[in-house]
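**Q** Here is my input, please return the structure:
(2 chains)
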Amino acid sequence: MTRLTLQRKLSILSDAAKYDASCASSGSVKRSSLATGGIGSTEGSGICHSYAPDGRCISLLKLLLTNFCVYDCIYCVNRSSSNVPRARFSVEEVVGLTLDFYKRNYIEGLFLSSGIIRSPDYTMEEMVRVARTLRETHRFGGYIHLKVIPNASPELLAEAGLHADRLSTNIELPTDVSLEALAPEKKPSAIRTAMAHIEAKREESRPEGKIEGKRKPTRLAPAGQSTQMIVGADRATDATILGRSAALYSGYGLKRVYYSAFSPIPDASSKLPLAPPPLLREHRLYQADWLIRFYGFNVEEIVSGGADGLLDLKLDPKLAWALRHRGAFPVDVNRAARETLLRVPGLGVRVVDRIVTSRRHHRLTLADLARMAGSIDKVRPFVEAADWTPGGLTDDAGLRRKLTPAPRQLELF
Amino acid sequence: MRSVRLTARNDFEQWRAAARRLLLDAVPPDEVVWLDPSAPHDLFVTESALAEVTERKVGVVPQRFIDWAEAGICHSDPERFALLYRLLWRLQKDRGLMEARSDPDVGRLDRRVAAVRRDAHKLKAFVRFKSIADDSGLERFVAWFEPEHYVLERVAPFFVRRFTGMMWAIVTPYRSVFWDGDSLEFGPGGHKADVPAEDAMEAAWKSYFASIFNPARLKVAMMKSEMPVKYWRNLPEAELIPSLIRGARAAEAEMIERQASIPPSRHVRQAERQADDVAPEVEIGSLSAARDAIEGCRRCPLYEMATQAVFGEGPAHAEVMFVGEQPGDQEDLAGKPFVGPAGKVFDAAMAEAGIDRERAYVTNAVKHFKFVPRGKKRLHQRPNMGEVKACRFWLDLEREFVKPSLIVALGATAVASLTGSGTALSAVRGKLTELADGTRMFATVHPSYLLRMPDRAEAERERARFVEDLRQVGRLLG
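**A** I've put the predicted structure just below:
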């Protein structure tokens, strides 16, 4: 076999890593290299160092340690039956690339995943070795996200959490039946058990109260754990997908569920829908996920009223909910409770907080609202202000049509 | 009309000193002309000297004003000093002004602060260091950056925290900054030519940028809104963007149209090996076989949301078997029965009654956790009769292999599962009942019942009763 150059390996093993949507580098503990004299810091909010033409942020060096894999998951570009070019990095190569990129300010850190070679423990051990070398040998303080290999030993997962800011285990598909059909070697309960182990270890490492004069115990995976679900590779409805997410958020304290529209891959299996990825559906799922986590909605409210458990693709889910519940509107911006304001289409959490502080000083007019919210086309029919009442607009039969955005042209460059 | 010329573009302290003087002299905002160091000298305005400043504190302002003013003064808007002074003036009468986001002046400052923060953030994001190694092998890193506002001083400490162990410099048109590993120094502005045009890692970085891009998800407007074109000229990867976009549609179409290929021989060999490994389906012949087999249980829908099946635990031939309702949140996570709050109550009561839990086989009528998600919590749901019946398959296997002489039913669900009837718990509590196969069953409450009692005195009475029931179990075991 011919030896691959480092750059060729980088191109193969980053190409293979791009189907993992997560690139977050936020929410970890504060670290500064002033303390170590090395390099690397994390300060809470992440930084996107570049953007690819797919609109996705490039924050981390996202790599697979290897794309050789003994599993044959049908949706995966790296499945053993695929003919994509294969490569494998050494631990030192990944460490070197991470440091070289970091020193040039290209990245916030490393997101390392891997195909499964030999055994889950062997693979996980290699990934942990990368993180350990970065932290211990090179005093690297940047962000590290490690993918968890289900069925790896709990001790390895704990060590991974010691070095990594974030751990993630991909749930892959919304139902166990789909997972078993498309990823025959993966066991759904093993994936969930890995999340449960991590959550339990994280709980153990959570400092209880204030410990006077003692160093706080190291928090395992301080930026928490996340997962990814593929959308559109099976027949699961949005209701099923969001129900699964709600169970994951409640069971394992997940920071994020990423939705990844199934996208055509090189050398794809003939058993899959080979169509452009359902990007709009993915977008609506993220919006619904946000409504559930930050706006006080529950899954049933969001999906009820849609057709066959699917979200309305034409309207954002909050507007769709408001149009189905017009009796709850208009809402008086000068009086309504925060929770009520959060349900008004077009008002985000920040704007609602601004409304609540500003209205202590004077009664808000529609112009005040416009200054705070930016655009208020969507807001107007659902609110009352000092100088505004929507009258019959709230119940206007043509409202849905008026608020439905015109279909967009393909983006030209 | 007074005019004030500042010598620094973004020095809050300098502006503050001048503003204090003006405020002390009660000069209203519309009688002051503020001049940026770059502003041309106006022959018709007499400029007052900078000496007219004071350290004397004048009134108080909310912290938010200070925070915003420190950021806002870095904006490139020539009117920024005047805007700040107008707000300072108005704050003397209206203390709550900064809270009124709807006020035009507050809104104006808010937008400038946001612009400065965004520009500072982009500086953190889009600086690209180039390495320079001298003959001794000492490596230094230098970057050229063109910020829209005067943000270098605000962001420099960030680079110190991030790159303490490196020697680096950032050069901008208006100022430059150097870190030698120990101290930070500012110098004059410079030119793009002051910084090397290339770096040895840029080829690898561009290769990464091209590979991480998914051509099936083209979203150019999104990219441009987050990475505005004005920054592109100093980003080495940006030169690839036009060709990546041009090739994207073709790459996607090719992936969709291409026929699936024949799997590589490595895969075929592996698949054959695995086919040989598959064990034929066998009847479940032992307790450990049952424990393995339950992983794939699809007898009811509860497997879907639970983490894992929680099988019984204890000696394979225990004399006594305790049967609870179903695993709870913690049991579901740990994969072990009775380890959560109810398990703790159970353990304490067992110890008090003098029964060694290690001697008992402990299990549940239903093996998967049933719950509804509520935010970050999972709320326990009682299993229905269909689920209890479906799961009896596993409980029967446990009974068959363990063969206990006594089964203790904890709560109504366990009674229902064991007797197969709707017998009320109150009818059998504290008594021995004979099950269909002749095994003796003793019934008592579920320990979680004790946790749910709101009245403390009553809870204590019920707990004592539960312990008394367990003592009776101990006597039955002899």
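**Q** Report pLDDT for the closest residue to B:R161 other than its chain neighbours.
**A** Spatial nearest neighbour of B:R161, chain neighbours left out: A:S32 (4.1 Å); criterion: C-beta to C-beta, 6 or more residues apart in numbering or on different chains. Placement of C-beta: from N, CA and C, glycine included. We have a pLDDT of 94 for A:S32.
**Q** what are the ranges of the helices in chain A?
**A** Ranges of helices in chain A, per DSSP state H, are A:6-15, A:91-103, A:120-132, A:154-163, A:176-182, A:188-205, A:238-252, A:279-294, A:299-303, A:317-324, A:338-341, A:349-358, A:366-373, A:399-403.
**Q** Buried ones in the longest one, by neighbour count?
**A** Within helix A:188-205, the residues that count as buried by 16 or more other C-beta atoms under 10 Å in any protein chain shown are A:188-202, A:205.
**Q** Export stretch A:100-115 to CSV, keeping only CA atoms.
**A** Presented in CSV, the C-alpha positions along stretch A:100-115 are these (Å, rounded to 0.1, in the frame of the first residue of the first chain):
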residue,chain,number,x,y,z
ASP,A,100,-0.5,23.8,14.3
PHE,A,101,-4.0,24.9,13.4
TYR,A,102,-4.6,26.3,16.9
LYS,A,103,-1.5,28.4,16.9
ARG,A,104,-2.5,30.1,13.7
ASN,A,105,-5.9,30.8,15.2
TYR,A,106,-7.8,28.7,12.7
ILE,A,107,-9.7,26.7,15.3
GLU,A,108,-11.1,26.6,18.9
GLY,A,109,-10.0,23.0,19.3
LEU,A,110,-10.5,19.5,18.2
PHE,A,111,-13.6,17.4,17.6
LEU,A,112,-12.4,13.8,17.2
SER,A,113,-14.5,10.9,16.1
SER,A,114,-13.6,7.6,14.6
GLY,A,115,-14.6,4.5,12.7
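**Q** what's the average pLDDT for that stretch?
**A** 98.
**Q** And stretch B:26-38, by the same measure?
**A** For stretch B:26-38, mean pLDDT is 89.
**Q** What of stretch A:44-64?
**A** On average, stretch A:44-64 scores 94.
**Q** swap in stretch B:175-182?
**A** 96.
**Q** And stretch B:298-314, by the same measure?
**A** Stretch B:298-314 comes out at a mean pLDDT of 96.
**Q** With stretch A:260-274 instead?
**A** Average pLDDT, stretch A:260-274: 81.
**Q** Chain B next: which of the buried residues of helix A:188-205 are close?
**A** Restricting the buried residues of helix A:188-205 to those near chain B by C-beta under 8 Å from any C-beta of the partner chain leaves A:S189, A:R192, A:T193, A:M195, A:A196, A:E199, A:A200.
**Q** Now do the contacts for the third one.
**A** When contacts are counted by C-beta atoms under 8 Å, 6 or more residues apart in numbering or on different chains, A:T193 is found next to A:P150, B:T307, B:Q308, B:G335.
**Q** If we only consider the ones next to chain B among the buried residues of helix A:188-205, which is nearest to A:V130?
**A** A:M195 (21.8 Å; C-beta to C-beta).
**Q** For B:R378, see how far away that closest one is.
**A** A:M195 sits 13 Å away from B:R378, going by C-beta to C-beta, to the nearest Å.
**Q** do B:S243 as well
**A** 50 Å.
**Q** So for these two, which sits in the more crowded spot?
**A** Counted by other C-beta atoms under 10 Å in any protein chain shown, B:S243 and B:R378 do not tie: B:R378 has more neighbours, with 24 against 11.
**Q** Show me the contact partners of the strand or helix carrying that one.
**A** Using DSSP states H and E, B:R378 falls within strand B:377-380. Residues from elsewhere that reach strand B:377-380 (C-beta under 8 Å, 6+ apart): A:A247, A:S250, A:G251, B:G328, B:D329, B:F369, B:K370, B:F371, B:V372, B:P373.
**Q** and if we set it to 7 Å?
**A** Strand B:377-380 has contacts (C-beta atoms under 7 Å, 6 or more residues apart in numbering or on different chains) with A:S250, A:G251, B:G328, B:D329, B:F371, B:V372.
**Q** Quickly note the distance from the third one to chain A.
**A** It refers to B:G328. In this view, B:G328 and chain A are 12 Å apart by C-beta to the nearest C-beta, to the nearest Å.
**Q** right, and that residue touches B:F338 too?
**A** No - shown here, B:G328 and B:F338 do not form a contact pair, counting by C-beta atoms under 7 Å, at 9.0 Å.
**Q** Please list the residues of the stretch 1-150 of chain A that sit near chain B.
**A** A:7, A:10-11, A:14-15, A:18, A:32-34, A:37-41, A:47-55, A:57-58, A:62, A:70, A:80-81, A:83, A:100-101, A:103-106 (C-beta under 7 Å from any C-beta of the partner chain).
**Q** Find the closest residue to chain B in chain A.
**A** Among all residues of chain A, A:G55 sits closest to chain B, at 3.0 Å; criterion: C-beta to the nearest C-beta.
**Q** Pull the contacting residues for that residue.
**A** B:K219, B:M222, B:M223 are the contacts of A:G55 under C-beta under 7 Å, 6+ apart.
**Q** who touches residue 394 in this structure?
**A** With no chain named, the answer covers chain A. A:T394 makes contacts with A:R326, A:F329, A:P330, A:P381, A:F382, as judged by C-beta under 7 Å, 6+ apart.
**Q** hmm, I had chain B in mind actually
**A** B:A290, B:I294, B:K367.
**Q** first to last residue in stretch B:333-349, what's the distance?
**A** Criterion C-alpha to C-alpha, to the nearest Å; first-to-last residue distance in stretch B:333-349 is 24 Å.
**Q** And residue 80, what's its pLDDT?
**A** You didn't say which chain, so I picked chain A. 92.
**Q** that answer is for a different chain, and I need it for chain B
**A** Confidence at B:R80, expressed as pLDDT, is 95.
**Q** And the pLDDT for the residue most central in space within chain B?
**A** The centre of chain B sits closest to B:K376, judged by C-alpha atoms, centre = their mean, with a distance of 12.6 Å. Model confidence at B:K376, given as pLDDT, is 89.
**Q** correct me, but it touches A:G253?
**A** Yes - under the criterion of C-beta under 7 Å, B:K376 makes contact with A:G253 at 6.4 Å.
**Q** in chain B, which helix or strand is least confident?
**A** strand B:47-48 (a mean of 54; mean pLDDT, DSSP states H and E).
**Q** Please name the residues that touch the nearest residue to A:C48 once chain neighbours are set aside.
**A** Spatially, and ignoring its direct neighbours in sequence, A:C48 is nearest to A:C57 (3.6 Å; C-beta to C-beta, 6+ apart). Contacts of A:C57 were listed using C-beta under 7 Å, 6+ apart, and they are A:C23, A:C48, A:Y51, B:E226.
**Q** TSV for those residues, including distance to A:A160 and neighbour count?
**A** Output for the contacts of A:C57, formatted as TSV (distance: C-beta to C-beta, whole Å; neighbours: other C-beta atoms under 10 Å in any protein chain shown):
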residue	distance to A:A160	neighbour count
A:C23	19	20
A:C48	25	20
A:Y51	29	26
B:E226	31	15
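**Q** Show me the two of those that sit farthest apart.
**A** Across the contacts of A:C57, the longest distance by C-beta to C-beta is 12.1 Å; it joins A:C23 and B:E226.
**Q** how deep is the closest residue to B:W144 other than its chain neighbours tucked in, by neighbour count?
**A** Among residues not flanking B:W144 along the chain, B:V195 sits closest, at 4.1 Å (C-beta to C-beta, 6+ apart). The number of residues packed around B:V195, counting by other C-beta under 10 Å, is 20.
**Q** re the thing from before, beyond the strand holding B:R378, next helix or strand please.
**A** Once the chain leaves strand B:377-380, the next helix or strand it forms, by DSSP H and E, is helix B:385-402.
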